[in-house]
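Novice: Below is the sequence, then the predicted model.
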Amino acid sequence: MPNYIDLWNNIKNSFEKDDSMSKASFGAWVETAEPISLENHIMKIKVLSSLHRDYWTKHLIEKFVEYAYQFTDQDITPEFVTEDEFKTQQAERSATSKKETKASTEDTQLNSRYTFDTFVIGSGNQMAHAAAMAVSDEPGVLYNPLFFYGGVGLGKTHLMHAIGHQLLENDPKTRVKYVTSEAFTNDFINSIQKNKTEEFHEKYRNVDLLLVDDVQFFADKEATQEEFFHTFEALYNAQKQIVLTSDRLPNEIPKLQERLVSRFKWGLSIDITPPNLETRIAILREKAQADNVEIPDETLEYIANRIDSNIRELEGAMARIQAYAKLQNAAITTDLASDALRSLNFGSNLSHITIPMIQDKVAKYFHVTVADLKGKKRMKSIVIPRQIAMYLSRELTESSLPKIGTEFGGKDHTTVIHSFDKIKAELEKDEELARQVGDLKSELKP
Ligand SMILES: Nc1ncnc2c1ncn2[C@@H]1O[C@H](COP(=O)(O)OP(=O)(O)OP(=O)(O)O)[C@@H](O)[C@H]1O
């Protein structure tokens, strides 16, 4: 994926070359817009006024999506903010970040969102949560070190920060230090280069709670491991609490010194496993409440069913759905959520079905050729199979509308929407058509 500025410049060029857009229109609407960011497939664009936003939303959005797709092969959704909104957002952000810096003691690096209050307990994390609470009550005594391990995006960092916040709440003078193993390594190297190893020792050994994230990245780094061993010893002997996270158990981390492996196992190692459906729904509900958005229960369940990998993905899906709803000025429903997630690789159990596979099956089933499906002939005996093939491509693959259009001989994505809507409506009334589509689906998804 190109960076967002390059992508924007490419999209801008495509608008400029578009014959249906006058020079004046280009100057008024496109040239005055400015990209701000690209995250989770959403490009934030600053426009001059709400009038500009309305114009973009009514007239230019479809082309934007099409052009973005040409350059990235992915669906990018634009989200517009006016100059005024942007300024207010920036002011709010800088006020919050000032508050956050004040709230936590200097240099703790704790994320203010990662507290026990915002952590949803489920079967995959309840032991880890209980251990984190116990350590917060009696740091340095019960489980030292506390070692969380498990797959990505399951809440290890969140829990570790929650311990830090809790200790600071119990006693604001507590010295808490959070660091990733990579940051620890870089800090150590810098201290050697600048002849400041004493300061480095002070920084890491004079704390009450040391949180080290992702210790698997200590693998292979001999000198850093040596240094960390001494940090560990100093803290442990002074009964200071150490909390570590990793994607695997200590003895499974390659090239980790035996003495570190054994020390990491002294306390309690506890795994976090992926959340079950109920926990995923509860997490989504908590996020919706935190963001102050209304989402019906059935829609939360739908999203939780679609995304069963990890919580970071759940959060990404939620952000995308909210942006979609905002863009369309619509309430969040299951249909809207389904549209918002369609183009992403979410729920990838369908991903083995491809558009050429569908075209092949449909062509054989109706005794036409794939070239007919991709062509422009208007006989009913070809038009219906073509529309069915487009319908199935949208239903059974995660391809975007422009991509389906391209695979059907370069058709416009509005043709794809029209075919999809037509077949969907006909299926309600036409039993024979429903049977044919049912046959094709079961052939494609045996
Ligand atoms: N039980 C939970 N309740 C609420 N939010 C959660 C929960 N678990 C994880 N999250 C959220 O999911 C996101 C990812 O979690 P986190 O960064 O803690 O994962 P991780 O296990 O440390 O992953 P990695 O190994 O990739 O660093 C965070 O925004 C976190 O707040």
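Specialist: Ah, there it is. Residues are numbered from 1 along each chain as shown.
Novice: Provide a list of residues in contact with the residue in the chain that the ligand sits nearest to.
Specialist: For the chain and the ligand, the shortest gap (Cβ to the nearest ligand atom) falls at Gly155, measuring 2.6 Å. Any C-beta I mention is one placed from the backbone N, CA and C, and that applies to glycine too. Neighbour list for Gly155: 119, 125, 128, 272, 311 [criterion: Cβ atoms under 8 Å, 6 or more residues apart in numbering].
Novice: I'd assumed the first one was in a helix, is it?
Specialist: Put plainly, it is Phe119. No. Counting by DSSP: H, G, I helix; E, B strand; the rest coil, one finds Phe119 to be coil, located in no helix.
Novice: can I assume it is in contact with His158?
Specialist: Yes. Counting by Cβ atoms under 8 Å, Phe119 does reach His158; the two are 6.0 Å apart.
Novice: Now narrow the contacts of Gly155 to whatever sits close to the ligand.
Specialist: Filtering the contacts of Gly155 for neighbours of the ligand using Cβ under 6 Å from any ligand atom leaves 119, 125, 311.
Novice: Turn these into JSON lines, including pLDDT, distance to Met390 and neighbour count.
Specialist: Shown next, in JSON lines, are these (pLDDT from 0 to 100; distance: Cβ to Cβ, whole Å; neighbours: other Cβ atoms under 10 Å):
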{"residue": "Phe119", "pLDDT": "95", "distance to Met390": "45", "neighbour count": "19"}
{"residue": "Asn125", "pLDDT": "93", "distance to Met390": "43", "neighbour count": "27"}
{"residue": "Ile311", "pLDDT": "91", "distance to Met390": "35", "neighbour count": "24"}
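Novice: in the stretch 201-350 of the chain, which spans are strands?
Specialist: Secondary structure of the stretch 201-350 of the chain (DSSP state E, counting those that start in this stretch): strands at 209-213, 241-246, 268-272.
Novice: contacts for the longest one?
Specialist: In other words, strand 241-246. 135, 139-140, 144-149, 156-157, 160, 163, 167, 208-216, 232, 235-236, 253, 264, 267.
Novice: now swap in stretch 128-142 and tell me
Specialist: 116, 119, 121, 143, 146, 148, 155-156, 159-160, 162-163, 166-167, 170, 208-209, 239-241, 243, 268, 270-272.
Novice: and the residues you listed, which are buried?
Specialist: The neighbour count (16 or more other Cβ atoms under 10 Å) marks 116, 119, 143, 146, 148, 155-156, 159-160, 162-163, 166-167, 208-209, 240-241, 243, 268, 270-272 as buried among those.
Novice: Show me the domain layout of this structure.
Specialist: 2-93, 114-269, 275-346, 349-442 (the TED database).
Novice: beta partners of Thr245?
Specialist: Counting by DSSP bridges, Thr245 forms beta bridges with Phe148.
Novice: I'd like the distance between it and Leu300.
Specialist: 28 Å (Cβ to Cβ, to the nearest Å).
Novice: before we move on, what about Gly122?
Specialist: Gly122 is 15 Å from Leu300, by Cβ to Cβ.
Novice: what's near enough to touch the residue nearest to Arg259 when sequence neighbours are not counted?
Specialist: Nearest residue to Arg259, sequence neighbours excluded (Cβ to Cβ, 6 or more residues apart in numbering): Phe229, at 6.3 Å. By Cβ under 8 Å, 6+ apart, the residues touching Phe229 are 257, 259-260, 263.
Novice: which of those residues lies closest to Lys411?
Specialist: Leu260 (60.2 Å; Cβ to Cβ).
Novice: Give me the number of neighbouring residues for that closest one.
Specialist: The burial count assigned to Leu260 is 18, neighbours taken as other Cβ atoms under 10 Å.
Novice: go on, Asp291?
Specialist: Residues near Asp291, counting by other Cβ under 10 Å: 11.
Novice: quick one: furthest residue from the center of the protein?
Specialist: Residue farthest from the centre of the chain, counting by Cα atoms, centre = their mean, is Met379 at 44.8 Å.
Novice: dump the residue contacts of it.
Specialist: Neighbours of Met379 in contact, by Cβ under 8 Å, 6+ apart: none.
Novice: Mean pLDDT per helix and strand in the protein: which one sits at the bottom?
Specialist: Across the helices and strands of the chain, mean pLDDT, DSSP states H and E gives its lowest value to helix 83-103, namely a mean of 69.
Novice: what comes up buried for the helix or strand that it is followed by?
Specialist: Proceeding N to C from helix 83-103, the next assigned helix or strand is helix 126-137, under DSSP states H and E. The neighbour-count criterion (16+ other Cβ under 10 Å) identifies 128-129, 131-132, 134-136 as the buried residues of helix 126-137.
Novice: go on, stretch 370-383?
Specialist: 372-374, 382.
Novice: same question, stretch 258-276
Specialist: For stretch 258-276, a neighbour-count test (16+ other Cβ under 10 Å) marks 260, 263-264, 267-272, 274-275 as buried.
Novice: Just the terminal-to-terminal distance for that stretch.
Specialist: For stretch 258-276, the first and last residues are 35 Å from each other (Cα to Cα, to the nearest Å).
Novice: what sits up against that stretch?
Specialist: Under Cβ under 8 Å, 6+ apart, the answer for stretch 258-276 is 122-125, 127-128, 131, 142-151, 154-156, 159, 215, 218, 225, 228-229, 232, 236, 242, 244, 249-251, 253, 283, 308-311.
Novice: rerun at 6 Å
Specialist: Outside stretch 258-276, the residues that touch it by Cβ atoms under 6 Å, 6 or more residues apart in numbering are 122-125, 127-128, 131, 143-147, 149-150, 154-156, 229, 232, 250-251.
Novice: Flag every residue of this structure that's near the ligand.
Specialist: Residues of the chain lying near the ligand (Cβ under 6 Å from any ligand atom): 114, 118-120, 125, 152-158, 247, 283, 311-312, 315.
Novice: Separate out the buried members of those residues.
Specialist: 114, 119-120, 125, 153-158, 247, 283, 311, 315.
Novice: Please confirm that Phe80 is located within a strand.
Specialist: Yes. Remark: Phe80 belongs to a strand, assigned using three-state DSSP.
Novice: Let me see the contact set for it.
Specialist: 45, 47, 53, 56.
Novice: now for those, which pair is the farthest apart?
Specialist: Going by Cβ to Cβ, the pair spanning the contacts of Phe80 furthest: Ile45 and Arg53, at 9.1 Å.
Novice: what residues are up against Leu427?
Specialist: Ala434.
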